[in-house]
Structures are given as C-alpha cells and as structure tokens.
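*Asks:* Need the 3D shape of this:
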Amino acid sequence: MNDSLVKSLSDSSVVHDSELIAGFFSPLGFAGVILLLVLINHALFSEVVIWMHERFMDPLLAKGKALKARLVGYACILTMVAGHLTEIVIWATALVMTGLIPSMSTALYYCGSTYTTLGYGSDPMANGRNAITVIIALSGMLTIAVTTSILMTQFARYHQSRRNERSKASPQ
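*Replies:* Have a look, this model is predicted:
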C-alpha cells in the first residue's frame, strides 16, 4: 500500500469493514450497487446539459447568435466529459475503499481503461472478481452511448435552427 490515500485510511475502521464487505459481498451485487451510483451520476450530468441547452442555447439561437450558441454546445460536451471522469472516479474509489485494488492511481488507470473499453494493462483484482470488470465496461458503453445521443440531438436542433434561420433570410 504505497498510495497516500490508502495510507491515510489504513487505520480507519471504515476501510477494515469495507474489506470484510468486499470479501463477503457478491461481485455482481457490489458492481450493481456501484453501477446504480454511476447511472444516477450520469443522469444528473445529463440533466445539467439539457438544462444548459434549454436555458442558454435555445434563446441564443432564437436571437440569431449562432456562435455563442455553438459555444454553449461545446460547454455541454465538456460537462458530459466531466460526468464521465466522475464516473471513473466513482468506480476507482469503490474498488480502493473495498480493498479490491490497493492503490488509487492503479484503480483510476484500471477503471478508466475498462470504462472506455480500451482494456490496457492487466486486471489488478483478485480472481473471482471478473464480473466487476464486465460491469465497469458495460457502464462505460451505456453512458457513452447516452451521451452521444444527447449531444447529437442537441446539435441536430442547433443545425435545424440554423437552416430555418437561413431559409427565412433568403428570398425564394
């Protein structure tokens, strides 16, 4: 345990209790609980992005301020990226706090690689916990697909609004 976060918590009863929980809790049950937290997090970030679009992008498009509206769209993209990074941190923290991975840096690398389904490196968890890896990858695939859908819908609305604006401006 070389990680400073783990060292600072090594004497904590929470860590020792969580190691017991990780030992007795089904890998699928554990992964299901963390998946639920990840999906709630993703829903919250998605709602923020939808709010940003309705509150800022739509009014800017209505006023004909396409560049500013596009900048709001880019802020929406950055917000969703922050949501995905938060989800990777949720997975990594859960694995470290349960003692399944001893180092936060190892857990972040492993969860980021698995969440994005790149799969670099090896699985640092003990045998019998492979189901957790699958759930992390599925959560990444699902949430990235939802993000893509939300952002594509928003930019389609942006482009449709721009086309409507151009057709109104040009005499036919």
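
*Asks:* helices and strands of this structure: which one bottoms out on pLDDT?
*Replies:* In the chain, no helix or strand scores lower on mean pLDDT, DSSP states H and E than helix 13-24, which sits at a mean of 51.

*Asks:* Mind jotting down where the helices sit in this protein?
*Replies:* 4-9, 13-24, 27-52, 58-62, 66-97, 104-115, 130-169 (DSSP state H).

*Asks:* what sits up against stretch 135-147?
*Replies:* 28, 31-32, 34-35, 38-39, 42, 46, 80, 83-84, 87, 91, 111, 114-117, 119 (C-beta atoms under 8 Å, 6 or more residues apart in numbering). Any C-beta I mention is one placed from the backbone N, CA and C, and that applies to glycine too.

*Asks:* Turn the buried ones among the residues you listed into a named ChimeraX selection, would you?
*Replies:* Buried residues among the contacts of stretch 135-147 (16 or more other C-beta atoms under 10 Å), as a ChimeraX selection:
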select :31,34,35,38,42,46,80,83,84,87,91,111,114,115,116
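
*Asks:* correct me, but T133 touches S113?
*Replies:* No: using C-beta atoms under 8 Å, T133 is not in contact with S113; the gap is 10.1 Å.

*Asks:* Verify the stated contact: A92 with S103.
*Replies:* No: counting by C-beta under 8 Å, A92 sits too far from S103 to count as a contact (9.7 Å).
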